[in-house]
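A.B. asks: Provided below are the primary sequence and the corresponding predicted coordinates.
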Amino acid sequence: MTVLSLVIFLPLAAALAMYLLRLGDRAVRWTWIAASALDLALVAGLWIGYDGPGVGYETNARWIPSVRAGYHLGVDGLSLPLLALTALLFLCCAVYSLRQEHRVRTFAALFLFLESVSLGLFAALDLLLFFVFFDLSIVAMYFVIAGWGHGERLRSALRFFLYTFFGSLALLLGFIGLYLGSDPKTFDMVELTRNPPLADSPGLAGLVLLAIGVGLAVKTPTVPFHTWLPPAHTDAPAAGSAVLAGVLLKMGTYGFVRIAMPMLPDAWRTYAWVIVAVGAVSVVYGALVALAQRDLKRLVAYTSVNHMGYIVLAVGAAGLAGDEAARRLAVTGAVTQMVSHGLLTGALFLLCGVLYERTASYDMDGYGGVARVAPVFAGLLAVASFGSLGLPGLSGFIAEFQIFTGVIGAGTAGAAVAGGISVLGVLITAALFLRLLQRVLLGTPGPLTPRVTDAGTAERAAIVPLLALALVVGVAPRFLLDLVEPVSAAVIALVAR
Amino acid sequence: MMRENPADLLPELCTLLGAVLGLLTGMFVPRRRQWTAVAVCAAGVLAGLAAAVAAVDGPRLMTFDAFMLDPVTHVTRVTVLGSTLLVMALAYAPLRGHRRETEFHVLTVFTALGTMALGATSDLLVLVAAYLLASIPAYALAGFAKDARGTEAALKYYLMGALLGLLMLTGVTLLYGLGGGTSYESLARGLPSSPAVTVGAVLLVAGLLFKAGGVPAHFWVPDVAEGSSPVVATLVTTVPKIGAFAALFRLGDEVMPRSWALTLALLAAVTMTLGNLAAFAQDNVRRLLAYSTVGQAGYLLVPVAMAGRTDLARPALLYYVAAYALTNLGAFAVVVATGRDRLADYRGLARRSPLLALSLVVCLLGLVGTPPTAVFVGKVLMLGAALNGHYTWLAVVAAVNTVASVFYYLRWIVPACRTADEEPPAPSRPASLVAYTAAALTLALGVGSGLFLSFG
């Protein structure tokens, strides 16, 4: 049992213990927090102990030897930040859910299960293992939305399940394609990266990239596969939305950088312009639709489409010809954006939850002047919004700045145009977040405002760390960038093969 | 030289002995002690299972000029006997003290015996005999309750089986005439390439599709699953299929002409699509599961179609068939345990008996192919076989069908996880245990798939 396996399965063990020991609600809440905190501490330990570049904490055990699929785990500069983000966000959700009353034990067990699954996905170095975690994340999130959501939760949960399950099967077909195209046949990511499959059959490689691309694009999600996202987010419980946006969406973009780019470099370069276009469209479309929302949570959900669009744009641009240093910068920005979006959007969804718990409404027109009755809440919402629109000093700026510099600086005309169009997205996002702050926090009090009370201790304890970390990344990003930059260099070198 | 060592057929002989001795015991013991006869039957099956497991490592050879000892046979034997034991465990409580308790178990064991022969044989005449042995006890079981619905189910089952059995016999006659022999070996050598061979092959496949519950021979499946008792439904949707798919695969692998792959691929696509579409609107869980088994039969036909085209076909079929049998059994065991048929009646199950609800969720998501259950590994191999056999469209159809199937499995999972206004009655304990066992085994078979696949 290596330390990485311990990190992955500790939450699951805690969940089982809750059932075996038949813990009461109070004990369940604190066990949940303790297990998540311990896991976060372990991940922090992994980070401190990791001396990259390259794969650290590797485990490679036999699993299904006849198809050469193994229990292969490891971390590098790409997976460590996401592992840390996952552990932190789950801890914050555990703290936030201290006030949770409805079927606490099952809720906690599902979240711990989801935490194990998410950590496992970011540490998996085998396609089949990756897929196992990918699929299980869908199942667990389905139960979270269907069991603890509100509104039309069953419909939204079903749509989420069907849509993302469709994506996961496309992904599976793509993985099998990679397996069949490799020589010797294997599911091992390290070997597939070293020895890209289907190198001499570009047509097949294009099809496999299509399957994998569709699978990951549904999860990310990008236009036109994003339609499951707004209802799922709107009807999920706050902690569920935070995890869905903060962690589950990253599985898609992580897959692009971890699997699609290094394993299908030729096809990636050939179709990079498609990916760039999809990214640019997602950026602008997500921002425009968000601008038109009256529902606070739907608005945040659509900004996710916009924010994930920047990442897709950046990884697409990495496959175009042009200046290598700029493309490296784009990939670094993409990874930073994954972390930044997790922190800020996680916080935003928890803040939406704070409002909903008091008023059972996301209608922005019903609020107004909330800053007066709930100053702490208003402060937190303002920080999260400014971070999300890319204000310097917070993590979103670092990420988006690198992405734009990288994409436009790569030097090809297409990338420059796409980058230019996407800057428009930032402008719209700024407008919509400022409008949000105006409508909710300032102005004359709306009908719902009197029911708003300020954020409680647990809520503050859950949201403040996320924003604090966004601030740290925004002010002193070196600790993160030092980890990510070698990976971007490696990925760019792999794509250029 | 022909090998005639009875020890080669030890699993079959043990099972036969168990059934015969069980029947004799049942005739002579009073009704309240009929459990001794059941125990004798179970001991026979258990001994057969032990012998089958012991034989797994043996060399590949032909015995009695009619039975192949190879991985297909081994997996068929172990899966059939294991499933039969679980079915007998399911049947024990509902039939305890029944007037014909012994008969029920004996007929079950005979079905299993016929199924094993169906999967092991490589001779058309033995295939027909095995078909009858696997079918006739099952007809009797379908009408075992002697009520109107059971009788109707049995009649449908029987008429359909008799008709398709007749077609199968015609096909066998045709192939015998054209190929100059009934053993697969001589057929593979002697069959000319003429349209008549295709006709013969299609007729032969029709009979096996009846056992497998594939389109267009699937009409009996929902009626029998709904009309007979839940235990019988479990049996007929699980056990005979195992042998039928093994026999189909063997035919495709050892005998059949080039048009085999395309024909079977089309059948597979139609079977999975019709099964899944028909399952959408069902409100009766047994009908829902019945159509789900039709859909699953479609997936199972994919490796059958790929027989001889790729190395992945055999492990895919064997793994999927074992995984399917176990998972389907688990889902039916939940139905037996709760004794309820309407989807809405499952409300509150999660609160009343969390473990049973969890088993249901594991089995249903397992049927979808969610990792890390056994069917997931089977599905990966199945899709791999289709892609490797250059049937990409079939893999895509299977994937789309899998997504569609989520819908109706969720229609069952959702009420089970919701709270009910009134507490549902306590589920039957022994059947629940079978459900737990099946669910745990599907997980074990999925996580430990490396261990089992190395035998295939």
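C.D. replies: In hand now; what should we look at?
A.B. asks: now do the contacts for A:S201.
C.D. replies: A:G181 (C-beta atoms under 8 Å, 6 or more residues apart in numbering or on different chains). Just so you know, the C-beta spots here come from the backbone N, C-alpha and C atoms, and that holds for glycine as well.
A.B. asks: for A:L180, see how far away it is.
C.D. replies: Distance from A:S201 to A:L180, counting by C-beta to C-beta, to the nearest Å: 11 Å.
A.B. asks: ok, now A:A13?
C.D. replies: A:A13 is 36 Å from A:L180, where distance means C-beta to C-beta.
A.B. asks: of these two, who's got more company?
C.D. replies: Using other C-beta atoms under 10 Å in any protein chain shown as the criterion, A:A13 and A:L180 rank with A:L180 on top: 18 against 13.
A.B. asks: just the element for that one, please.
C.D. replies: For A:L180, the host element (DSSP states H and E) is helix A:153-181.
A.B. asks: in that helix, which residues are buried?
C.D. replies: A:153-154, A:156-181 (16 or more other C-beta atoms under 10 Å in any protein chain shown).
A.B. asks: also stretch A:482-497?
C.D. replies: A:L483, A:V484, A:E485, A:P486, A:V487, A:S488, A:A489, A:A490, A:V491, A:I492, A:L494, A:V495.
A.B. asks: how far away is the closest residue to the fourth one other than its chain neighbours from A:T253?
C.D. replies: Going back to what we said before, that points to A:P486. Computed as C-beta to C-beta, 6 or more residues apart in numbering or on different chains, the closest residue to A:P486 that is not its neighbour in sequence is A:P53, at 3.9 Å. Computed as C-beta to C-beta, the A:P53 to A:T253 distance reads 21 Å.
A.B. asks: still on that earlier bit, and the buried residues of helix A:153-181 near chain B, which?
C.D. replies: With C-beta under 8 Å from any C-beta of the partner chain as the criterion, the buried residues of helix A:153-181 include A:154, A:158, A:161-162, A:165-166, A:169-170, A:172-173, A:176-177, A:179-180 near chain B.
A.B. asks: of those residues, closest to B:L164?
C.D. replies: A:L169 (33.3 Å; C-beta to C-beta).
A.B. asks: tell me the contacts of that closest one?
C.D. replies: Contacts of A:L169 (C-beta under 8 Å, 6+ apart): A:G215, B:A399, B:V400, B:T402, B:V403.
A.B. asks: just the element for the third one, please.
C.D. replies: Same thing as B:V400. Here B:V400 is assigned to helix B:392-417, by DSSP H and E.
A.B. asks: and that helix, what does it pack against?
C.D. replies: When contacts are defined as 3 or more C-beta pairs under 8 Å, 6 or more residues apart in numbering or on different chains; DSSP states H and E, helix B:392-417 sits against helix A:127-148, helix A:153-181, helix B:260-280, helix B:285-305, helix B:349-352, helix B:354-368, helix B:374-388.
A.B. asks: so which elements touch the helix or strand that it is followed by?
C.D. replies: Next helix or strand after helix B:392-417 toward the C-terminus (DSSP H and E): helix B:429-447. When contacts are defined as 3+ C-beta pairs under 8 Å, 6+ apart, helix B:429-447 sits against helix B:71-95, helix B:313-338, helix B:354-368, helix B:374-388.
A.B. asks: buried residues, helix B:429-447. List them.
C.D. replies: Going by 16+ other C-beta under 10 Å, helix B:429-447 has these buried residues: B:430-439, B:441-442, B:444-447.
A.B. asks: figure out how far the worst-scoring helix or strand of chain A on mean pLDDT is from the centre of its chain.
C.D. replies: Least confident element among the helices and strands of chain A, by mean pLDDT, DSSP states H and E: strand A:56-64 (a mean of 90). Distance, stretch centre to chain centre, for strand A:56-64: 25 Å (C-alpha atoms, centre = their mean, to the nearest Å).
A.B. asks: mind giving me the packing neighbours of that strand?
C.D. replies: helix A:3-20, helix A:25-49, strand A:69-75, helix A:127-148, helix B:449-453.
A.B. asks: how about those in CSV, adding mean pLDDT?
C.D. replies: Shown next, in CSV, are these (pLDDT from 0 to 100):
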stretch, mean pLDDT
helix A:3-20, 95
helix A:25-49, 95
strand A:69-75, 93
helix A:127-148, 95
helix B:449-453, 80
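A.B. asks: helices or strands up against the lengthiest helix in chain B?
C.D. replies: In chain B, ranked by residue count with DSSP state H as the criterion, the top helix is helix B:148-179. Under the contact definition 3+ C-beta pairs under 8 Å, 6+ apart, helix B:148-179 sits against helix B:124-142, helix B:184-190, helix B:195-212, helix B:220-227.
A.B. asks: circling back to that earlier point, of the helices and strands packed on strand A:56-64, give the one that comes closest to B:L383.
C.D. replies: Using C-beta to C-beta, the helices and strands packed on strand A:56-64 put helix A:127-148 closest to B:L383, at 11.5 Å.
A.B. asks: flag every residue of chain B that's near chain A.
C.D. replies: B:315, B:365, B:368, B:370-372, B:376-377, B:380-381, B:383-384, B:387-388, B:392, B:395-396, B:399-400, B:402-403, B:406-407, B:410, B:414, B:417, B:449-450, B:453-454, B:456.
A.B. asks: which among these count as buried?
C.D. replies: B:315, B:365, B:368, B:370-372, B:376-377, B:380-381, B:383-384, B:387-388, B:392, B:395-396, B:399-400, B:402-403, B:406-407, B:410, B:414, B:417, B:449-450, B:453, B:456.
A.B. asks: contacts only, for the residue nearest to the spatial centre of chain A.
C.D. replies: Most central in chain A under C-alpha atoms, centre = their mean is A:K250, positioned 2.8 Å from the mean C-alpha point. Contacts for A:K250 (C-beta under 8 Å, 6+ apart) come out as A:L82, A:L85, A:M338, A:H341, A:G342.
A.B. asks: for those, name the two members farthest from one another.
C.D. replies: A:L82 and A:H341 (11.3 Å).
A.B. asks: more neighbours, these two?
C.D. replies: Higher neighbour count among A:L82 and A:H341: A:H341, with 30 against 25, using other C-beta under 10 Å.
A.B. asks: next SSE after the helix or strand hosting A:G309?
C.D. replies: Per DSSP H and E: A:G309 is located in helix A:296-317. Following helix A:296-317 in sequence order, the next helix or strand is helix A:324-359 (DSSP H and E).
A.B. asks: which strands or helices does that next one pack on?
C.D. replies: helix A:79-96, helix A:238-243, helix A:249-255, helix A:296-317, helix A:375-389, helix A:395-409, helix A:457-475, helix A:478-495.
A.B. asks: the helix or strand that that helix is followed by: which residues count as buried?
C.D. replies: Toward the C-terminus, helix A:324-359 is succeeded by helix A:370-373 as the next helix or strand (DSSP H and E). Across helix A:370-373, burial judged by 16+ other C-beta under 10 Å covers A:V370, A:A371.
A.B. asks: taking the stretch 101-250 of chain B, what residue is nearest to chain A?
C.D. replies: Nearest to chain A, among the residues of the stretch 101-250 of chain B, is B:F249, at 17.9 Å (C-beta to the nearest C-beta).
A.B. asks: tell me, how many residues neighbour that residue?
C.D. replies: Neighbours of B:F249 (other C-beta under 10 Å): 28.
A.B. asks: likewise A:L299?
C.D. replies: 24.
A.B. asks: also B:P192?
C.D. replies: Neighbour tally, B:P192, other C-beta under 10 Å: 10.
A.B. asks: is it true that it lies in a strand?
C.D. replies: No - B:P192 sits outside any strand when classified using DSSP: H, G, I helix; E, B strand; the rest coil, being coil.
A.B. asks: look at the residue nearest to it when sequence neighbours are not counted and report its pLDDT.
C.D. replies: The shortest distance from B:P192 to any non-neighbouring residue, by C-beta to C-beta, 6+ apart, is to B:L178 (6.4 Å). B:L178 is assigned a pLDDT of 91 by the prediction.
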